[in-house]
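Engineer: Provided below are the primary sequence and the corresponding predicted coordinates.
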Amino acid sequence: MKTEITNIVFPRITDHKVKFNCERNNIFEVRTGNNNSGLYAKQEIKIDEVICYLIGETSDSPTKYTVQIYKDKHVNPPEAADESAYLWKYINHSCQPVIYVDFTDFSFRAIRDIGHGEEITFNYNTSEYEIARPFKCNCRSQKCYGLVQGYKYLTEIEKKEIMKYTAEHLIRIDG
């Protein structure tokens, strides 16, 4: 069964055949501290395994916490929502992430095998044309962008490097 929200179809939580939400709480842990929260693996996760689904409320404008899904559509987790249903809100940015957003089914999937204790991260530049609140990246990866502003601000070389995981709407906008 599907739930339609503002002309976008999202899988209903209870319909997922993958381990998700309450069943996945033993797989992930939210860690907080130093004015930051993050999602961490409590066990190994295999390449291409679904981490969670991008579900939430849509809006026409971005915020610090939204994920862009079309040119003018963004998904935001409801503020008073069940934490286990919206694990994606704890996924931080990394310039060398361990997951990506699969926009064919709005799922977050593992780019590679993820080890126990690893932080679950994705590259915000692969879904956001312009970041609502640009920020200095602290991922410390060899390919760190320094300032994360969105796909629009990447060089052609940087865009080519992330092309495999870049949302089609960004490529169309960039034209």
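Structural biologist: Now that the structure is in, tell me what you want to look at.

Engineer: list the contacts of Y151.
Structural biologist: Neighbouring residues of Y151 by CB atoms under 8 Å, 6 or more residues apart in numbering: N125, T126, E128, Y129, E130, K159, T166, L170, D174. The way it works is simple: take the backbone N, C-alpha and C, and place the C-beta from them, glycine included.

Engineer: hang on, N125 in a helix?
Structural biologist: Yes. Secondary structure assignment (DSSP: H, G, I helix; E, B strand; the rest coil) places N125 inside a helix.

Engineer: how far away is the closest residue to it other than its chain neighbours from V75?
Structural biologist: Distances taken as CB to CB, 6 or more residues apart in numbering put Y151 closest to N125, at 5.2 Å, once the chain neighbours are dropped. Counting by CB to CB, to the nearest Å, the separation of Y151 from V75 is 17 Å.

Engineer: then E156?
Structural biologist: Distance from E156 to V75, by CB to CB: 28 Å.

Engineer: before we move on, back to that, can I get the contacts of Y151 in TSV including pLDDT and distance to N26?
Structural biologist: Output for the contacts of Y151, formatted as TSV (pLDDT from 0 to 100; distance: CB to CB, whole Å):
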residue	pLDDT	distance to N26
N125	97	31
T126	97	28
E128	97	31
Y129	97	36
E130	96	37
K159	96	38
T166	96	32
L170	95	34
D174	84	40
